[in-house]
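Novice: okay, here's the prediction I keep looking at, along with the sequence it came from:
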Amino acid sequence: MNGVLALRNRSKSFSGLLLFAGLMATVLALTNWIVTGSLEMLVMGGMAIALVTIVVTTLNNWRIGVLLFLLWLLFEDLARKYLGNGLILFFGKDVLAAITYISLWRSKRRGEVAWFKPPFMVPLAFFFFLAAIQVFNTWTPSVLYGFLGLKLYFYYFPLFYAGYALLRNAADLEQLLVFNMALGLVIAVLGIIQSIVGLKFLNPMVLAPELEGLGNLTRYTPITHQAVPEPSSVFVSAGRFASYIILVVILALGTQAYLLLTRRRRAAWGFLGVGIAVVAAMQSGSRGAIIYVTMSLLVLSAGFLWGAPWRWGQGRRLVKAMRRAFLVGAIGLFFMVQFFPSSIGARWAFYSETLSPTSSASELHYRTWDYPVSNLLTALQHPRWLYGDGTGTASLGMQYVARVLGQAPINFWVENGWGTLILEMGILGPILWLIWTFSLLYFSWKVVRQLRQTVYFPVALSIFWYAFVLLVPFSYNGMAPYQNFVMNAYLWLMLGVLFRLPYLAGKPQAIPRQAQVANLRSTAAYAEGL
């Protein structure tokens, strides 16, 4: 007992010190801005203050800290664009993640949170040990590449435990889903606006050189030669925005179905999220976003009907919900056609000209088969394909390590995800990757099946589908989506939520009113028969 009190007193003292540091940073930032008139310094000072505030909040309440971490995670890129893409900004979210882990671990030691040992831990550990050994590969230019690779592959894995411990009841789940829907709606709307008014919106006049080709990307239709600007919204790259929109659609579908089944007033968030995200996917200029959003709508709609709690008479509600979701998406596209025909028309031309099998400029077969296979074969032709060059040497962000080391960036890399693993860890890399991936998906599917006929099934299926899409087709075509900090953090956080859902399903369920009436009628009929 004394130890617990002492720990809490130390926590209060540490929080007090951080609060004092935050106040000092506020005074210094404002003073410097008044003296020099530097807007950049003011923004940096504001971010520093926000960081200190979030750290103090997280140490006192890690649950709120998780939500604040997600907020920072999604909007950190916006500051990077305007402040020159400095390395300090790049690692701000990692500081918050570390503080969250520390606060969560302290709560675990006090016995305040639920804990869980993932059933896929052993195969994941084998892959981790291979990656850790490859940090010291003799062919790597520096161990810094290895540490970068470990961060990209594993740093956000502890969010699995945060997601698991976050849910104490259905209210926690609803809060998490609605919070993410609200953030997704804001980012999607900003992306739509940017696609209409131009890429200078939410972008500085001059981007950092390494971000110029990512944040100011314009494609042209191969036949009609129409310009298709690709919006990046609050992110530094159009690709990150397109990937995030796929995540938003998947979460919106699960949120909408869950809130409808539980008859929550916030169900409108799901409908709104689906409609706006579908428009954002269309406006993204990304063929992958269009393909995966369409697949997600079809797969999840069919899956929800398969696992709906029909015994409560809720299957019909989901049928109506799916119809409404498609209708809301169609209405959004209709308004785009009516008010911004040139903007959406150019994107439709781009998709039809490059994806239609009947188009003379179709790239469908090349992008889905020829290109990734040729990249994989290129990796197998590498002279060290058997044991690789070291973790991180073909990963996302290796240009930052090269900048720190004062070296030229590594030029030999491939876009195929399995090829990336071969270049970094040798032939054993993709083998262990596939083993732990399918182990995770197997145990996740068992949880999904366990939740059939419950109100939590739509959320479970949505999370499983997101994990499958990210770990299998996405990671085969390129390791960048998995190494993308937004997609990676959400993967582990939501997987923790998935494995916690059976606990919520095991608690007494709030049966919808319609089902209660049906139960009372059946009970009365049974009594009359007696």
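Specialist: Done, it's in.
Novice: switch to C-alpha atoms for all contacts and neighbour counts from now on
Specialist: OK.
Novice: could I get the full set of helices for the stretch 351-500 of the chain?
Specialist: Applying DSSP state H, counting those that start in this stretch to the stretch 351-500 of the chain gives helices spanning 364-365, 371-380, 398-405, 417-425, 428-450, 457-469, 475-477, 480-483, 485-505.
Novice: and the angle for the second one with helix 417-425?
Specialist: Relative orientation of helix 371-380 and helix 417-425, computed by axes from the mean of the first three to the mean of the last three Cα atoms, to 10 degrees: 20 degrees.
Novice: pull the distance from helix 371-380 to the chain's centre.
Specialist: Distance, stretch centre to chain centre, for helix 371-380: 27 Å (Cα atoms, centre = their mean, to the nearest Å).
Novice: cool, and the last one?
Specialist: On the basis of Cα atoms, centre = their mean, helix 485-505 is displaced by 11 Å from the centre of the chain it belongs to.
Novice: that one versus helix 428-450: what angle between them?
Specialist: 30 degrees.
Novice: state the mean pLDDT of helix 485-505.
Specialist: The average pLDDT for helix 485-505 rounds to 96.
Novice: contacts made by that helix with the rest, please.
Specialist: 73-74, 152, 156-170, 243-244, 247, 444, 447, 450-451, 454, 456, 459-460, 463-464, 466-467, 481-482 (Cα atoms under 8 Å, 6 or more residues apart in numbering).
Novice: please apply the same query to the shortest one.
Specialist: Counting by Cα under 8 Å, 6+ apart, helix 364-365 makes contact with 354-357, all of which sit outside it.
Novice: show me how to select, in ChimeraX, the buried members of the residues you listed.
Specialist: Only the buried entries of those go into this ChimeraX selection, using 16 or more other Cα atoms under 10 Å:
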select :354,355
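Novice: for residue 404, state which of the contacts of helix 364-365 is nearest.
Specialist: When the contacts of helix 364-365 are compared for distance to residue 404 (Cα to Cα), residue 354 wins out at 39.5 Å.
Novice: measure the closest one to residue 343 for me?
Specialist: In this view, residue 354 and residue 343 are 17 Å apart by Cα to Cα, to the nearest Å.
Novice: one more: residue 436?
Specialist: Counting by Cα to Cα - residue 436 and residue 343 are separated by 43 Å.
Novice: just residue 282 next, same as before
Specialist: From residue 282 over to residue 343 (counting by Cα to Cα), the distance is 10 Å.
Novice: neighbour-wise, which of these two wins?
Specialist: For residue 282 versus residue 343, neighbours defined as other Cα atoms under 10 Å are more numerous around residue 282 (22 against 19).
Novice: pretty sure the more buried one contacts residue 345?
Specialist: No: the pair residue 282 / residue 345 is not scored as a contact, 10.2 Å apart, by Cα atoms under 8 Å.
Novice: flag the shaky bits of the stretch 201-350 of the chain, pLDDT-wise.
Specialist: Low-confidence segments of the stretch 201-350 of the chain, defined by pLDDT under 70: 264-269, 310-316, 321.
Novice: let's see that with 50 instead.
Specialist: Counting by pLDDT under 50, not a single residue of the stretch 201-350 of the chain qualifies.
Novice: show me where it has helices.
Specialist: Using DSSP H, counting those that start in this stretch, helices in the stretch 201-350 of the chain cover 209-215, 238-261, 267-283, 287-307, 315-339, 341-355.
Novice: in JSON lines, list the ones you listed along with distance to residue 373.
Specialist: What follows is the helices of the stretch 201-350 of the chain, written out as JSON lines (distance: least, Cα to Cα, whole Å):
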{"stretch": "helix 209-215", "distance to residue 373": "25"}
{"stretch": "helix 238-261", "distance to residue 373": "21"}
{"stretch": "helix 267-283", "distance to residue 373": "26"}
{"stretch": "helix 287-307", "distance to residue 373": "17"}
{"stretch": "helix 315-339", "distance to residue 373": "34"}
{"stretch": "helix 341-355", "distance to residue 373": "19"}
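Novice: what's near enough to touch residue 139?
Specialist: 389-390.
Novice: so can I have TSV of the contacts of helix 364-365 showing pLDDT and distance to residue 292?
Specialist: Shown next, in TSV, are these (pLDDT from 0 to 100; distance: Cα to Cα, whole Å):
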residue	pLDDT	distance to residue 292
354	94	16
355	92	13
356	90	16
357	89	18
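Novice: turn the contacts of helix 364-365 into JSON lines, columns for distance to residue 217.
Specialist: Converted to JSON lines, these look like this (distance: Cα to Cα, whole Å):
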{"residue": "354", "distance to residue 217": "17"}
{"residue": "355", "distance to residue 217": "20"}
{"residue": "356", "distance to residue 217": "23"}
{"residue": "357", "distance to residue 217": "25"}
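Novice: hey, C-alpha coordinates of stretch 357-364 in CSV?
Specialist: Output of stretch 357-364 as CSV, limited to C-alpha atoms (Å, rounded to 0.1, in the frame of the first residue of the first chain):
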residue,chain,number,x,y,z
PRO,A,357,-10.0,-4.0,-69.5
THR,A,358,-11.5,-2.6,-72.7
SER,A,359,-9.4,0.6,-72.6
SER,A,360,-6.4,0.8,-74.9
ALA,A,361,-4.4,2.4,-72.0
SER,A,362,-5.6,-0.1,-69.3
GLU,A,363,-3.0,-0.8,-66.6
LEU,A,364,-5.1,-3.2,-64.6
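Novice: how about it: buried residues?
Specialist: 362-364.
Novice: report how many residues lie close to residue 292.
Specialist: A total of 20 residues lie near residue 292 under the criterion other Cα under 10 Å.
Novice: what about the residue nearest to it when sequence neighbours are not counted, neighbour count?
Specialist: Nearest-residue entry for residue 292: residue 246, 6.7 Å, with adjacent residues in sequence omitted and distances by Cα to Cα, 6 or more residues apart in numbering. Residue 246: 26 surrounding residues under other Cα under 10 Å.
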